[in-house]
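# Need a 3D model of the sequence below.
(2 chains)
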Protein chains: 2
Amino acid sequence: MARIQLYDTTLRDGSQGEGVNFSLQDKLLITQKLDEIGLDIIEGGYPLSNPKDAEYFQRVRDLPLKHAKISAFGMTRRKGVTADQDTGMLALRDARTPCCTVVGKTWDLHVFEVLRVDEAENLAMIRDSVAFLAAEGRHVIYDAEHFFDGFKANPEFALRTLRAAADSGAALLCLCDTNGGTMPEEVAAAVNAVRKELSTPLGIHCHNDCELAVANSLIAVDCGAIQVQGTINGIGERCGNVDLVSVAANLALKKHHEVLKPNGIVHLTELSRYVYEIANLQLRPGQPFVGSSAFAHKGGMHVHAVNRLARSYEHIPPETVGNERKVLVSELSGRSNIIAKTTKYRIAEDDQLMRNILERVQDLENIGYQFEAAEGSFDLLVRKEAGLYTPKFQRLHYRVGVVTEESQVPVTEATVKLRVGDDVEHVVAEGDGPINALDTAVRRALLRFYPSLEQMHLVDYKVRVINSAEGTAARVRVVIESRDEHDTWSTVGVSENVIEASWLALVDSVEYKLFKDEGLPD
Amino acid sequence: MARIQLYDTTLRDGSQGEGVNFSLQDKLLITQKLDEIGLDIIEGGYPLSNPKDAEYFQRVRDLPLKHAKISAFGMTRRKGVTADQDTGMLALRDARTPCCTVVGKTWDLHVFEVLRVDEAENLAMIRDSVAFLAAEGRHVIYDAEHFFDGFKANPEFALRTLRAAADSGAALLCLCDTNGGTMPEEVAAAVNAVRKELSTPLGIHCHNDCELAVANSLIAVDCGAIQVQGTINGIGERCGNVDLVSVAANLALKKHHEVLKPNGIVHLTELSRYVYEIANLQLRPGQPFVGSSAFAHKGGMHVHAVNRLARSYEHIPPETVGNERKVLVSELSGRSNIIAKTTKYRIAEDDQLMRNILERVQDLENIGYQFEAAEGSFDLLVRKEAGLYTPKFQRLHYRVGVVTEESQVPVTEATVKLRVGDDVEHVVAEGDGPINALDTAVRRALLRFYPSLEQMHLVDYKVRVINSAEGTAARVRVVIESRDEHDTWSTVGVSENVIEASWLALVDSVEYKLFKDEGLPD
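Numbering: from 1, shown residues only, chains lettered A, B, ... in the order given. Next up is the predicted model:
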């Protein structure tokens, strides 16, 4: 099947999403990554809107991009001025990008009620803007805002706006479902109608307000659109733009179109997580194709079947998109799950032990633990039940104090007294906060006995109130992610006290590391 | 258009989702709520799988349900036993529900490779199971697992399994896209093919692995399916089941089908949040229709247009589904956003003040604040910039200590010294954890001056590491949600120290409450 262009607007339309904030450096890093994977066009920003975006277009020229073309975004010229006197047009010109994307009004309602101009002026605004940028030698993409709503309200009016852009030199007309309210069959009908009237190549730009953005994008391609605009992970205003990750995976794996660079699909999981990391957003575990749970199996029956035959409960092999299978431990788990998670201990034959592990998991889940995201703690639990555990140290006490004067930054101090074998270590440490101080003190106490702790450090720390109805007096679950030079692991602690919950997760993390270093029991 | 049955499996298939754990009480509460809103069938559990589900079916008989029918879920009888000797069949019988849902194998691959029986035995398992439950007087729904994969692999084989169920008394055949890998056009073709062969009513059961579950459910209805199975908020294994919330809203508002009870659609947002709350899951702000950001506007331009004409950037009025519009404050905000958020202060004419507020927001966002989810803190910021703020008290110091011995529960103590007017209050309090102790101490110090604080309490507490690359030494953002008898409000604090960040959010929460009680400035 034909190649479909992927047009990424993570850095522009994506940044309209709630909680999304890219620094200039973030934008350059993401641009580089998108290029590596083979995105065709990268809309880097809206140069008129803020100085950061304007600076981006200067800096991006120094990036050694291999494939992607950069586009600058703007609106048609304002009413009543010529294009060469419009600040938005000049900002696009000065961005010096190979592409420019100009958005114009298609819906008569918007033209008359929001923009407050007549049809002739709206068409002139479109024509002047496209022609101005085309004359500058740019590849001009015309985004028809609210195309589907406009087409439904007044099809002839909407088509005249497209024709104005096409006749003035637009290289591609992108039909936008700006409000995200259009049904797939309406997208198909409108795209077919435009194709009958105009020969300019078409693109599609969908929002997910009806949870149909992916379906709408795919059906537009089925009807002949050659470009899909969207964002990585579907970030964007309201319910988001279409997720280009899902679009790329579906186009490549289900519809057999060429997208990205050869084998680019294998990097989709990496790309998705990279953007979450840079944008500092929580990933969505259930995100199609690339989520951490996208190939997670919890029901004992499913796990059993997947062990026999992977595709029995997997629509594609997870590695096709760079993802991996995950087996979850929970009260719904059957023996199959526990066996799958404990194969390295070779204890599958021991029925009583399996039952004990399952019961212990259920008991701890009842008081707020969750092992699905805390494999380090689960591993220690198995060791404890299997008699393969002796504590690496014993806590005699800890004390944490945070003290402040007036508006000054508080001072935090932790003391820890631990017994290691026959020795007692009593140390004190300061920290930026209580967890940092405790972590530092624990390591300081143990380092003499376990030098490998030098290589371990905490990489993330999450707190969740389990029963939020009681506010700060409720139980909290702390999950800590740690790393050494080889691995990353997560551990969990639960308590009414956030310090104690953190302590429990911290101790598990240190013990997991030490057992891991020892290797498997014989 | 015809009424479409909504079949909810939140309590069964939904509970296969990662991080989902319902107690018996949770399940009963959700059942009650689903009934109130007009769900037609509620699949309450899998009685064979665990004692909690078996007990649910006893207890649910005492609920005063008005509309919904309860269904119990199970598999076809095991191979080689009669239905009346199969423990699963007996568990379904003993559940004494008006409906039973039996899942059977459709895909030849699964029959031969996973189940390991021949075709004749598979058909007998389906026939015996359906007939056994029908003879017990149950309304039997037959779920054809992997129907679309099976139909693609071997259409005749797949159709024979459906016919076996239909001929044995199944009231409805539900076609399942168990692996979630099917494209909408494939769903349409398969549903049309089944309709040509069989007259039994059809249902559709989709998973979201390709982000097409909603589109697939809608197209099945377009092709004649009369029942949609799904879960509230789309919770479920891997990428989840189809979200019945989106399905109901689309069927009612876009396709004009009758669903739920009259006006039930207006309660969708409430239902969605109720299930998140009971399941103790984070809500997805961008969730279509009901997410807290589903009608959020951030770009200054959009806010401007929405103020002129709501439907210019909203595909439906938010109140149709019980949701509301939200205007976000961020560096992308134009004047319009700030004006929309500050109307009550009547300061819109003051250009310099508007610029100052915007700059202050940007400065604070740069160090990790976010006001999008902290309207209480934003309100105080506006007051401060507008000269409408005098502090309610001054902190002289606080001290927080957490002390523990061996494995015992730690003891937490906070002291707070505050100046209120000419008085100095110095108090101490214990708490379950440091935030609880600080909160108690602050209230104790202030109650004499501000008795209305008695009515205020914390309802949620969230911690987010902002730059997780540095682990526990990174900056943290704390968001606190508080409530009194009239309102709920959120406030934010940022610091390297989680205690200090909590303090800042706590102080904002108390001050917001006190200013709110005073009413607006003249």
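# Look up phi and psi at residue A:364.
phi -70, psi -40 (degrees, to the nearest 10).
# Give the full set of residues in contact with it.
A:371, A:381, A:494 (C-beta atoms under 8 Å, 6 or more residues apart in numbering or on different chains). Quick note: C-beta positions are derived from backbone N, CA and C, even for glycine.
# In contact with the second one, which residues?
In this case it means residue A:381. Here residue A:381 is in contact with A:357, A:360, A:361, A:364, A:371 (criterion: C-beta under 8 Å, 6+ apart).
# For the residues you listed, give me a markdown table that also has pLDDT.
Formatted as a markdown table, the contacts of residue A:381 follow (pLDDT from 0 to 100):
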| residue | pLDDT |
| --- | --- |
| A:357 | 86 |
| A:360 | 86 |
| A:361 | 82 |
| A:364 | 84 |
| A:371 | 77 |
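# Relative to residue B:441, which of those residues is nearest.
Nearest to residue B:441 out of those is residue A:364 (C-beta to C-beta; 32.3 Å).
# Tally up the residues packed near the residue nearest to residue A:261 when sequence neighbours are not counted, please.
Nearest residue to residue A:261, sequence neighbours excluded (C-beta to C-beta, 6 or more residues apart in numbering or on different chains): residue A:38, at 3.2 Å. The tally of other residues near residue A:38 (other C-beta atoms under 10 Å in any protein chain shown) stands at 19.
# I'd like the distance between residue A:38 and residue A:428.
Residue A:38 is 54 Å from residue A:428, where distance means C-beta to C-beta, to the nearest Å.
# again with residue A:408
21 Å.
# With neighbour numbers in mind, choose between these two.
Under the neighbour definition other C-beta under 10 Å, residue A:408 and residue A:428 were set side by side, and residue A:428 has more, 15 against 11.
# Which secondary structure state is assigned to the residue lying closest to the more buried one once chain neighbours are set aside?
Sequence neighbours aside, residue A:415 is the residue nearest to residue A:428 in space, at 4.6 Å (criterion: C-beta to C-beta, 6+ apart). Classification of residue A:415 by DSSP: H, G, I helix; E, B strand; the rest coil places it in strand.
# Check residue A:176 too.
strand.
# Give the bridge partners for it, please.
residue A:205 (DSSP bridges).
# ok, now how distant is it from residue B:287?
For residue A:176, the distance to residue B:287 - C-beta to C-beta - is 22 Å.
# so where's the longest strand in chain A?
For chain A, the longest strand by residue count, based on DSSP state E, is strand A:394-405.
# Check which helices and strands it sits against.
Using 3 or more C-beta pairs under 8 Å, 6 or more residues apart in numbering or on different chains; DSSP states H and E, the elements in contact with strand A:394-405 are strand A:411-420, helix A:434-446, helix A:498-518, strand B:394-405, helix B:498-518.
# And the fourth one, what's buried?
By 16 or more other C-beta atoms under 10 Å in any protein chain shown, the buried positions in strand B:394-405 come out as B:395, B:398, B:399, B:400, B:401, B:402, B:403, B:404.
# unless I'm mixing things up, the second one is touching residue B:416, no?
Yes - when contacts are counted by C-beta atoms under 8 Å, residue B:398 is listed as touching residue B:416 (4.8 Å).
# Between the two, which contacts overlap?
Common contacts of residue B:398 and residue B:416 (C-beta under 8 Å, 6+ apart): B:438, B:441.
# hang on, the earlier thing: backbone dihedrals for the residue nearest to residue A:261, please?
Torsion angles, degrees, to the nearest 10, at residue A:38: phi 100, psi 20.
# residues touching it, list them.
Here residue A:38 is in contact with A:6, A:67, A:68, A:259, A:260, A:261, A:264 (criterion: C-beta under 8 Å, 6+ apart).
# how close does residue A:365 sit to chain B?
Taking C-beta to the nearest C-beta, to the nearest Å as the measure, residue A:365 and chain B are separated by 6 Å.
# same question but for residue A:277, I mixed them up
From residue A:277 over to chain B the distance is 8 Å, taken as C-beta to the nearest C-beta.
# Measure how buried that residue is and give me the count.
If you count neighbours by other C-beta under 10 Å, residue A:277 ends up with 14.
# Could you do residue A:80 as well?
For residue A:80, using other C-beta under 10 Å, the count is 9.
# And the pLDDT at the closest residue to it other than its chain neighbours?
Leaving out its chain neighbours, the residue that sits closest to residue A:80 by C-beta to C-beta, 6+ apart is residue A:121, at 7.8 Å. Looking at residue A:121, its pLDDT is 96.
# quick one: residue A:425 and residue A:442 touch, right?
No - here residue A:425 does not reach residue A:442: they are 9.7 Å apart, not a contact under C-beta under 8 Å.
# quick one: which of the two has more around it?
Comparing residue A:425 with residue A:442 by other C-beta under 10 Å, the one with more neighbours is residue A:442, at 25 against 19.
# Who are the contact partners of residue A:242?
A:205-208, A:213-214, A:216-217, A:228-231, A:234.
# nope, residue A:104 is what I meant
A:75, A:76, A:122, A:125, A:126, A:129, A:142, A:143, A:144, A:145, A:161, A:165.
# okay, now the closest residue to residue A:493 other than its chain neighbours: neighbour count?
Leaving aside its chain neighbours, residue A:493 sits nearest to residue A:504 (2.9 Å; criterion: C-beta to C-beta, 6+ apart). Residues near residue A:504, counting by other C-beta under 10 Å, number 19.
# Mind pulling the model confidence for residue A:504?
pLDDT at residue A:504 comes out at 95.
# how close does it sit to chain B?
10 Å.
# Check residue A:350 too.
Counting by C-beta to the nearest C-beta, the gap from residue A:350 to chain B is 22 Å.
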